Structures are given as structure tokens and as C-alpha cells.
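Undergrad: Show me the folded form of this:
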Amino acid sequence: MGDPKEAGAEAPPAGPAVQERLSLLQGESEEPSAQGSALFLGGSEVKSRAVVKYSSAPPRTAFARLEEKTDLKLPPANWLRESAKLGPAGTTILGNSKKSKPFSSFGMAYDFIDSVGNDVDVVSDSENIKKLLKIPYSKSHVSMAVHRIGRTLLLDELDIQELFMRSSQTGDWTWLKEFYQRLIDQKWQRKKKSKEHWYHKAILSKFLYYSINGDGAAQPVPSTAEQQESPSSGQTNDSEGASWPAPFEMPSSVSEDPSATSQGLKNDFVRNILWTFEDIHMLVGSNMPIFGGGRYPAVSLRLRDNNKPINVLTGIDYWLDNLICNVPELVMCFHVNGIVQKYEMIKTEEIPNLENSNFSTKVIKDIAQNILSFLKSNCTKEGHTYWLFKASGSDIVKLYDLTTLCEETEDKYQNPFTMPVAILLYKVACNMMMKKNQNKKHYGTIRTLLLNCVKLLDKSRHPQIIASANYMLSELFQLDEPKKEESPESPLNENSDESYSEEEEEMPDSDENGSYSTNSDPSDDNKAVAIIKSVGELSVPEKYKSIHQIRPGCAFPVCHDTEERCRLVLSYVLEGLKSVDSSIKKESDLPAADPSTPIPLKYEDESTRGGPEGLEKQMALFLDKMGSLQKGNYSSQSGMIPGSWQHKMKLQLILKSSKAYYVLSDAAMSLQKYGRALRYIKLALQSHDTYCCLCTNMLSEVLLFLSQYLTLCGDIQLMLAQNANNRAAHLEEFHYQTKEDQEILHSLHRESSCQGFAWATDLSTDLESQLSVSCKCYEAANEILQFSDLKSQNPEHYVQVLKRMGNIRNEIGVFYMNQAAALQSERVVSKSVSAAEQQLWKKSFSCFEKGIHNFESIEDATNAALLLCNTGRLMRICAQAHCGAGDEFKREFSPEEGLYYNKAVDYYLKALRSLGTRDIHPAVWDSVNWELSTTYFTMATLQQDYAPLSRKAQEQIEKEVSEAMMKSLKYCDVDSVSARQPLCQYRAATIHHRLASMYHSCLRNQVGDEHLRKQHRVLADLHYSKAVKLFQLLKDAPCELLRVQLERVAFAEFQMTSQNSNVGKLKTLSGALDIMVRTEHAFQLIRKELVEESDPPKSGETAPAADSSSNLNREEVTKLLSIFESRLSFLLLQSIKLLSSTKKKTSSNIEEDVVLKTNKQIYSQLLRATANKNAPLLERIDTVIQLLDQLAGGGSGAGAGQ
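TA: This next block holds a predicted model:
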């Protein structure tokens, strides 16, 4: 590093010191970074700021002021020798006359890739920048190659003389030589440099060596030797300057490693400076020697012939050199014929005002802005080589597109710039891709850079770069963020303005004065892209500003459709795979596979034969393979070497293709295109299988992808099983394949058979095998999560897999359970349970048990409760199967039935315990309660209807029935308003009715224990009244209501038989008649339904009512009506008899007389009505309703009076 005193060595008086030490290349020493400032020159402000990005210069030494009369023709002792002060660079460090190489800007661009394409406008040698800015002042010729990378222009000297000398020797560039001679200079010949040129060069070199080492004594050398040595020195520099790489012989390092810098593309500058001139940002290479020792620590040293005054061109040269290197002062040494005369110190800002060298800095600024605008407006195609040319002595500047001219010849790779440009495009894109945090807004630029890079390269010569570029193109599309990309406000539309595509048309000139016009030569006009007809135009302020419009070039395509995005990705992947495959030498040894011919799949027959058992074997093989991958087994059929670029790139491309197919499959799944979804997931798994074959070290991220693929595959197989109706359409979608898919598959088959996941992706027509495959997919996904620490790293995915496993096991359990129920329904009643049924029960139970375990392990109480509920249902089916066995007439409730019903109850209670409270999931809670109530009810009903009297006493059976019924009532929620409420009310009413009937029956059959009889009487009465209340709430159970009321009447009649006193009997009779009166509600409901049934519907609105009346059983109504008429007749007759006998024994009672009279009238009408056996049902019901109305009106006081 330099001396601390020199820290601000390059700082002008104005401006703060900003240090930025950045060394990207190996250098002996790094200069302190230059500081930026605004320099006030010639009264008008020109903003200039320079920051040294890299310097290989040794520590700056003070220049030695030579004594007067020093003879510069004599060489100093240290001339052309390496010195510690000079550093390892030797003579070149002082050689500002050293000719820059043709690719010098590329060398800088490679080293400062961050700046290219975005921040910097121009990258070039300082000599080229100076030459451009002197165009309006100079008559000399200008010849430069211009390349565009994003918004950056790369400028290099295009030495036509050197080029054509090479053409004469090798035959290259003959097309350009012919074009040049035809249109520009018909009498071209190489111009030789004069002796004076070499003389001045030698004098300058010796002067600089004297200045850096003032103590060195001069060594007289004979003039002949001096004359021989000077030209040889110059010739060495000259030949060194133009190192043109052969167009066909690019170094192998470029094709093998894109990151390598090809020979001849090195950054040979002593300094690389980021120079901001006004609003133009330039990365400039400079070799100007800088010394200390003036009024400021940094000065530039110049040698001038005292006899020749400084002209404008020299002044501009000195001024720009000092600005670029941020040197505040110029030291000028004057000589006459090599003899030192005097020294003069000039401030940089004073240079434009020197005598004979007066120029306007404002004009220089305008020239810079105009030239940049002209070039940016016309050099629009990335990857193209443009030629900016001005003939010596001419005022016309022309811009040609050499790439287009070259394409008209036989071989487009004759352009030696093609390869460096392609590499740079690639590198800039790579660099942008690395900046993950802000690269999205540059996606359009990156894509354009890569597309243009691929266009420039020959696929057969540079497969690695092409494969890598295609992979990066595929990486631009974020497959896992479809929603963000699809949003209209996506940053992808805001991509940089500087991206250009080769397909764009030229932008028309919008300058009203005509910024480039036609030349007198029409043939020339056709070839030039643009022309500046007079260099004087460049001095006009903002002459070209109007066309300096950066166009939104190749905008990044916003794919609103997931499939479109994935198809783009796959197209790039395919191109990458083709590049990799073409570079593998062993290709000729492989059997040729036709992409259009389907590959025979050996597993088909096995899977159709084996069913679920075959699946088990395939799963075991698969898991063995996955285990072996953990150990790093490798098996490629194409002969790729592990670790080679082909191997690494193919792995990345295959993984990308598998992701794209996975996203496609997921999208198809959401569209319910299950056949298509299975085809895509099959391709994803085939890609993954190939990846597994090639991979030497399986990453956990890739294992997670596989788990996700298998999970989706399981989902698809399940949906196919549930949508069997569209099987033909799904099958057609499954077998369809695009050419692109076939070609990708062909590339995969070069490495593996792709059969590792065949068991998971077969489209079966059998429901059981589809469900089994789905289950195996989930199991495999779960197994993969167990291989490493994936389970804990991805808890959400693990939970999803277990949920799906629980769900599919529930589906399979239900499938087997339904099959068992179907077998049961087909079985002859008297037959015992078959082995097949029992086998199905076991399978179903096993699935439910595993499913419950899955849900419990992730604490999913709701789903666990549902599976427990289904297990309860399975137990009930087992119980029903056992109840069918045996003779119907001798049938009793068997112990097996009781066992299975009790097991069902246990599972339902477990389900309730799993849920805990109703709040967790009200719907599931209510469902489990209903099923539990149903189980208790069914068990009680069967025990009541088919009492196991051979095993148990009547009292014990009644006790068990009563307990079961009460438990059924406990879980039957009649109060909560829901769709199930009427069912619950009907269930509860039926339970009360059955209990009342049972107690009624006990009372009839029981003899003895009066306490027990009384208890039964109270219970029967209680349950009858509750049953009536509940049936009255229902509008669709009039027959049940009527039956309960008739049973209550029969109960009253039974009670009456045990009564001795007339008063007691009369009271009981009165109560029975009251019950009869209350049956009118039931008859009204029956009548309403009969009327609706008999009336034809007048409009569509009444049709639903007619449908509901179909529930009415006319036969049952007729039967109940007959019983009702007979019981009413009996009660009225008994009432008349008792009232008549009471009237004879006691004094007359007016109320009783009224009741008696009413009863007689009703009895008389009833007898007449029942006599007509053929009366219609509706008429009979109307008569009953009328009689009940009369009975209610006439007998209202009867009960009160007794």
C-alpha cells in the first residue's frame, strides 16, 4: 500500500475524500481510491467524478526534475529494465503509448460484471473515449467496434489495418475487406509509421525513465544502436497490441467452463476507473503514469517539443486524461531536439484556456452526450457487433451492423467478437441471477441476455454454456409462486428499460433536424445502420437527445396461465438436455430410441395380476432403493462421469423438469382433469427416478419434493377412484403426449429405465387397486419423511401426509365395509356368516384402526372421531349379520348381536371422548350422538321384539330394554333446532311409546306385587303422555299419534276392569272419552293428506304436497279407524249404561242428563255410520271428526261434574 501521506493524493482542493478500496485482480499495490468533485473549468461548470475501482500501480513516487540541457536521446541506466519502484509490470506501466488490445473492454467487463448491463453507460479504454470526444476537432480516422449489453455499450478499437493484414495471411475477414474496399476505400494499403513516430516514442520512454530515477547516469550509446533499438521496441509493443483470437480456434476453456476468461480477454490496464462525466457513467481503463512532487501529491507528466505549440487536440487529450484519472495538475517538460529546456506547472482546470489550445468544456460535454445518444439509439441489438467508422479527413460518421453483414456470408462465426460477446452476455445474466433480493425486476433483461447469448453460440461447440443458459432461463419462472407472478402489479412488468431483443425493429428517427441522413452513395446508405452526415452536429447541444429513448425491449412474459408458464420452463429444460446429451461421447453406443414409439412397460402384467399384493412387493423394492440412495449409489446408462459438468447440469435440468411437471399436475388436478394430472405426475416421477439414478448424494430438499410428488399422486389416484363415471375421458387424457414430453422422456431414458415409480402411476380400472395405490403413495411419502430429519423440518407437510393417510384408510375401510354389507344383503336369511364377510370385516377394521392412529398422532380429534364412528357402524353391520342367522320364527336376540352392539357403543363413546365438547365440531358431535342413540334404540328394540327368553328372565330383559331406551333418549337431542330435530322428536316419541307399551304389557301379565303394579301403571301413563306430546309436534306422524291414543284408551279400559265402584268406572270412562276427543288432531292431519291426495294438482306448486301425501298408508288408516270406531262405540255404550243405572239410584242431575242425552245421540249416529261398510274413507273420517266435535261440546261438563 502507498504511504499514508498519500491517502488523499488524487484529491483536488474541492470535494470530500471518499475512500473505496476494491481490488478484484492481483496487483502489487492498490492506489487510494480517487475522489469525486465538481471541477469549475473555463467559467462553466462540468461535473466530473472518478473512483478508482482497481489499480496495479506501485506506490507513487515523486518525479525527478531533470536538469536543463539533459539529453533525452541518451538512454538512462534503468531504461527498459524492471525496477522495484516500477513493480512487476516493468516497462508497460509507463507505456501510455502502448496499443490497447481489441478486446480490452471485455476484460474490464469480466472483472466488473456488477457494473455491466445496468449501472454503466460505456466500458472502454481511455484512448477510445478521447478519440470519440475529439471527432469534431480531428481529421484522423475513427474505427471502433461497439457492442450492447443491457444499457451498457462496450467500445473497442477496430484496427482495420491489423485486421486486413491478418486477412491477407489467413483468409479470415475477407468479406469485410471486400466491403471496405467496395464502399469506403478502394485503394486500401497498409500505412507505415514514420521514423519520426518511433523517434518521439523512444524519447518519451527515456524521459519517463529519467523522471522516475533521477540518479541514474546517462549511458552514451552509439547512434546506430539507438536507431536499431527504438524501432524494435516499438514493433514489439505494436505486435503485442493486437492479439486477435482466431475465429474458429477459441480456447477450450471457454467451452468447458463459462466462468473462465479466454486468452486475450484479460484486463491489462494499470487502473480501472469509474468515471462519471456529467450524467454519463463510464468504466475506463487507463495506463497513464501518475507521479507525486508538484504542488499536489498527484501530477501527470508530459514531454513537449518547444518548437511545436500545443494544439486543441493535445489540450483536449491532456485535459481528459487528468479528468479520468482525477489528477489536479499537469507538469510539462519542454525540449528542443531531445535537450531539456524548462518545466511548467498547469492546473487541470486551466488546460482548456491555454494559448493555441483553447476549447469549450461545455462543447466537449455536448459531444459526449450526443455520441452516447447516437450509439444507444442505433446499437439496439444485443449480441450484434456494430462498427463506428469515420474515414480520415471525412466529416461523415457511419455505423454498420457487422453481424448482419457477416450473416450474408457463409459462416456467421467468422466474427471474432461473437464468442467474447456471448460469454459476456452469459456472465452479466449470471451476475444478475445471483442477486436474489432484487433480481425480479431485472428478469426481462436477464431473459433477453440469455436468449441473445444462445443465439450467438454454436450448439455443437459450446454445449455447456447453452445448457447452462437454458437452465437459467427456466429458473426465471417461479413455479412455486404462481399467484405472485400472475398478479397484474407484478414487478416483472417493471423490468429494466435497457432490455432489447433481436426481433425488435429499428426505432424511427424522431429528431426533427434529421440526426442521421442518407449519403450521396445509395449503395452505402443501404448498408449503414445510421449516419452522422457532419461531425459538426455533435457540437450542437442535445442534438440527439430526442432519440435517446430507452425502449422497453423484451419484457418478461407474464404467464397468466400456470400451464403456459410450465411449458415455457420445459421448453428451456429440453434445449438444455439436448445440449448435455449431444456432448456425451458415449451417445453412439446407445440404442437409438424413437421418441414417437412408446417404451414397453414390463410392470403392467404384474400389476394387473398381483393387485394389492403385487403393490406390497413393489413398495418394498422402492423403499430398498430409497434406502440405497442414502448411501450414494450411482448408476447412469449413458456413461456420464460423476462430477462432470454434464452430470451436474443434467441433474439440475431433470430436477427442474420434475418440478414443472408437478406444478402442471397440480394445476390439472384443480381443474378436475385427473387423467391429465396423472400423466404429468407420472412424468414428474419419471424425472425424479432418473435424478435418483444419477444422484451421488441425495439432498433432503429433493427427498421432500419426492414426498410431495407422491402425495399428489395419491390424491389423483383417489379422485380417479371417486370419479369412475368419466373413466374413458381420463384414460384418453392419460395416454396423450406432446412431442416435447416425448423428447424429454427420451433424454431421461438415456440414464434410467424410469420404472421406479411405475407402481404409483398406473391407471387401473379396478376401484380397490386404485384406492390401494393411493394409500401406498401416501405411505411412501410418509416413509420418505422418516429417512432423515424431514419430518421435524417440514411439520406442515408431515401433517398433510398423515391426514391423507388417515383419509384414504377411511375410504378403503368404508369400501370393504360396504362390500361386506352387500354380501350380507345377498345372503339367504337362514345361512350363517360367510368367511368372505369375516375377511372383509377384518380388512375394514384394520384400515379404520390405522386411520384412527394416523389422526390421533397429529391430534386431529374431529377426523379421529369420524373414523371411530365408522368403526361403530362396522360393528353394527357385524351385529346385523349375526341377527340374520337362524329361523325367523324362533329368532331370539343372540349374544353375538349384543357383543357387537356393545362394541359399537364403545366406539361411539370413544368418538365423543375424542371430541370432548360439542363446541369443537357441532355437526360431528351431533352425528355421533345420533348414531349412539340409534345403536341403543336398535339394541333395545331387538331385545324387546326378539326377547332372549331362553337365556334370560322376563324381568331382566325388561330392565335391559328400559336402560337401553333411556340411554337412547339421553343421546337423542329433541331441543336443538336443526335439520335432524324432527327425526330426534320422532325417535324420542317412539321410545316413549315402546316403553309405555312394555309397561302396559307388564301390568296386564303381572300378578301379585301391588307396589310394582302401581309403579308400572305410573310409568306407562307417563310415557304415553310424553309420546303423545312429541307426536303432536310432528305433522307427518298422524297414524302413530292415533295408535298411541288408542293404546291409552285400551290402558284405561284395562284399568276399568279392575274397578268395582260405578263412580270410579265412570271417572275412568270419562278420561278415556277425553283421550278420544283429543284424537281429533290426528284425524284432521289424516283428512288433510287424503284431501290433497284426492284433489288433482291445479298447478306445479301443489305437486310437492301431493308427493308428501304418498307417505300415508291407507290400509293402516282404515284399520286404525275401524278400531277407533269400535272402541268409541264401546266407551259410549258403557257410559250410557253407567249413567242410566246411576240415574235410577240417585236423584236426577241436570249435567248428567245432558251428557247422557249427548252420548246417546252420538252413539246412535255412530251405529248408523258404521253400518254402511262401503262408505269412502274420507267420509268416515269426516263423520268421526263431527262426532268428536259433538262429544267435546256435550261432554265438556261430564268430567267436571264427576
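
Undergrad: Show me what counts as buried in the helix or strand containing residue 443.
TA: Using DSSP states H and E, residue 443 sits within helix 443-456. The neighbour-count check on helix 443-456 (16 or more other Cβ atoms under 10 Å) flags 443-454, 456 as buried. The way it works is simple: take the backbone N, C-alpha and C, and place the C-beta from them, glycine included.

Undergrad: pLDDT on it, on average?
TA: Averaging pLDDT along helix 443-456 gives 84.

Undergrad: biggest strand in the protein by residues?
TA: strand 44-55 (DSSP state E).

Undergrad: How far off centre is it?
TA: With Cα atoms, centre = their mean, to the nearest Å as the basis, strand 44-55 stands 46 Å off its chain's centre.

Undergrad: Counting by contacts, list what the following helix or strand past that strand packs against.
TA: Sequence-wise, the next helix or strand downstream of strand 44-55 (DSSP H and E) is helix 104-111. Counting contacts by 3 or more Cβ pairs under 8 Å, 6 or more residues apart in numbering; DSSP states H and E, helix 104-111 is packed against strand 122-125, strand 152-157, strand 280-286, helix 418-434.

Undergrad: And the contacts of helix 104-111?
TA: 24-25, 54, 101, 116, 123-125, 147, 149, 152, 154-156, 261, 265-269, 272, 283, 285, 420-421, 423-424, 427-428 (Cβ atoms under 8 Å, 6 or more residues apart in numbering).

Undergrad: Now, of those, which are buried?
TA: Among the contacts of helix 104-111, those classed as buried by 16+ other Cβ under 10 Å are 54, 101, 116, 123-125, 147, 149, 152, 154-156, 261, 265-269, 272, 283, 285, 420-421, 423-424, 427-428.

Undergrad: Residue 1193 - nearest residue in space that isn't next to it in sequence?
TA: Residue nearest to residue 1193 in three dimensions, not counting chain neighbours: residue 1158, with 7.8 Å by Cβ to Cβ, 6 or more residues apart in numbering.

Undergrad: Which helix or which strand is home to that neighbour?
TA: Residue 1158 is located in helix 1150-1171, with elements delineated by DSSP H and E.

Undergrad: could you give me the average pLDDT of that helix?
TA: What helix 1150-1171 shows for mean pLDDT is 79.

Undergrad: Give the next helix or strand downstream of that helix.
TA: Downstream of helix 1150-1171 (by DSSP H and E), the next one is helix 1177-1194.

Undergrad: ok now that next one, how far from the chain's centre?
TA: Put simply, helix 1177-1194 sits 76 Å off its chain's centre (Cα atoms, centre = their mean).

Undergrad: That one versus helix 1150-1171: what angle between them?
TA: Relative orientation of helix 1177-1194 versus helix 1150-1171 (axes from the mean of the first three to the mean of the last three Cα atoms, to 10 degrees): 170 degrees.

Undergrad: Please tell me I have it right and residue 361 contacts residue 351.
TA: No. Between residue 361 and residue 351 there is no contact under Cβ atoms under 8 Å: 9.5 Å.

Undergrad: So these two - more neighbours on which side?
TA: Higher neighbour count among residue 361 and residue 351: residue 351, with 26 against 23, using other Cβ atoms under 10 Å.

Undergrad: show me the contacts for the more buried one.
TA: Under the criterion of Cβ under 8 Å, 6+ apart, the neighbours of residue 351 are 41, 315, 318, 319, 322, 330, 357.

Undergrad: Specify the local secondary structure of the third one.
TA: With DSSP: H, G, I helix; E, B strand; the rest coil as the basis, residue 318 sits in helix.

Undergrad: what's in contact with stretch 797-807?
TA: Against stretch 797-807 from outside (Cβ under 8 Å, 6+ apart): 704, 707-708, 711, 714-715, 718, 775, 778-779, 781-782, 785, 790-791, 850-852, 854-855, 857-858, 860, 863-864, 867.

Undergrad: Domain map for the chain?
TA: If you go by the TED database, the domain ranges for the chain are 48-182+196-214+267-415, 416-437+446-477, 559-584+640-761, 980-1030, 1035-1093+1113-1195.

Undergrad: Tell me which of these lies nearest to residue 839.
TA: Relative to residue 839, the nearest member of the domains of the chain by Cβ to Cβ is domain 559-584+640-761, separated by 21.1 Å.

Undergrad: roughly how far is that closest one from the heart of the chain?
TA: Here domain 559-584+640-761 shows a centroid-to-chain-centroid distance of 15 Å under the convention Cα atoms, centre = their mean.

Undergrad: per-residue pLDDT, the spatially closest residue to residue 420 that is not a sequence neighbour?
TA: Sequence neighbours aside, residue 106 is the residue nearest to residue 420 in space, at 4.6 Å (criterion: Cβ to Cβ, 6+ apart). Per-residue pLDDT puts residue 106 at 84.

Undergrad: For residue 106, grab the count of nearby residues.
TA: For residue 106, the count of nearby residues is 29 (other Cβ under 10 Å).

Undergrad: closest to residue 376 out of the helices and strands packed on helix 104-111?
TA: strand 152-157 (6.8 Å).

Undergrad: Quick one: mean pLDDT over the next helix or strand after that closest one.
TA: Next helix or strand after strand 152-157 toward the C-terminus (DSSP H and E): helix 160-170. Across helix 160-170, the average pLDDT comes to 72.

Undergrad: Show me what helix 160-170 is packed against.
TA: On a contact count with 3+ Cβ pairs under 8 Å, 6+ apart, helix 160-170 meets helix 174-183.

Undergrad: Now do the contacts for residue 449.
TA: Contact analysis of residue 449 by Cβ under 8 Å, 6+ apart lists 117, 149, 150, 382, 425, 426, 428, 429, 432, 499.

Undergrad: now those as a markdown table including pLDDT?
TA: Below are these laid out as a markdown table (pLDDT from 0 to 100):
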| residue | pLDDT |
| --- | --- |
| 117 | 74 |
| 149 | 85 |
| 150 | 81 |
| 382 | 82 |
| 425 | 85 |
| 426 | 86 |
| 428 | 83 |
| 429 | 83 |
| 432 | 80 |
| 499 | 35 |
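
Undergrad: Mind jotting down where the strands sit in the stretch 801-950 of the chain?
TA: Taking DSSP state E, counting those that start in this stretch, the stretch 801-950 of the chain contains no strands at all.

Undergrad: which residues of it score low on pLDDT?
TA: Applying pLDDT under 70 to the stretch 801-950 of the chain picks out residues 828-831, 884-890.

Undergrad: Which strands or helices does the strand or helix carrying residue 791 pack on?
TA: Here residue 791 sits within helix 790-793, counting by DSSP H and E. If you count contacts as 3+ Cβ pairs under 8 Å, 6+ apart, helix 790-793 packs onto helix 700-722.

Undergrad: Counting neighbours, what do you get for residue 700?
TA: Residues lying near residue 700 (other Cβ under 10 Å) number 14.

Undergrad: how near is it to residue 713?
TA: Residue 700 sits 20 Å away from residue 713, going by Cβ to Cβ, to the nearest Å.

Undergrad: can you check residue 337 too?
TA: Applying Cβ to Cβ to residue 337 and residue 713 gives a distance of 91 Å.

Undergrad: likewise residue 344?
TA: According to Cβ to Cβ, residue 344 stands 85 Å off from residue 713.

Undergrad: So for the two, which residue has more residues nearby?
TA: Neighbours were counted for residue 344 and for residue 713 using other Cβ under 10 Å; residue 713 has more, 28 against 11.

Undergrad: one step back: what does the helix holding residue 791 contact?
TA: Helix 790-793 is contacted from outside by 700, 703, 704, 707, 784, 785, 798, using Cβ under 8 Å, 6+ apart.

Undergrad: List only buried entries from the contacts of stretch 797-807.
TA: Buried, going by 16+ other Cβ under 10 Å: 704, 707-708, 711, 714-715, 718, 775, 778-779, 781-782, 785, 790-791, 850-852, 854-855, 858, 860, 863-864, 867, out of the contacts of stretch 797-807.

Undergrad: Check which helices and strands the helix holding residue 1158 sits against.
TA: If you count contacts as 3+ Cβ pairs under 8 Å, 6+ apart, helix 1150-1171 packs onto helix 1114-1145, helix 1177-1194, helix 1196-1201.
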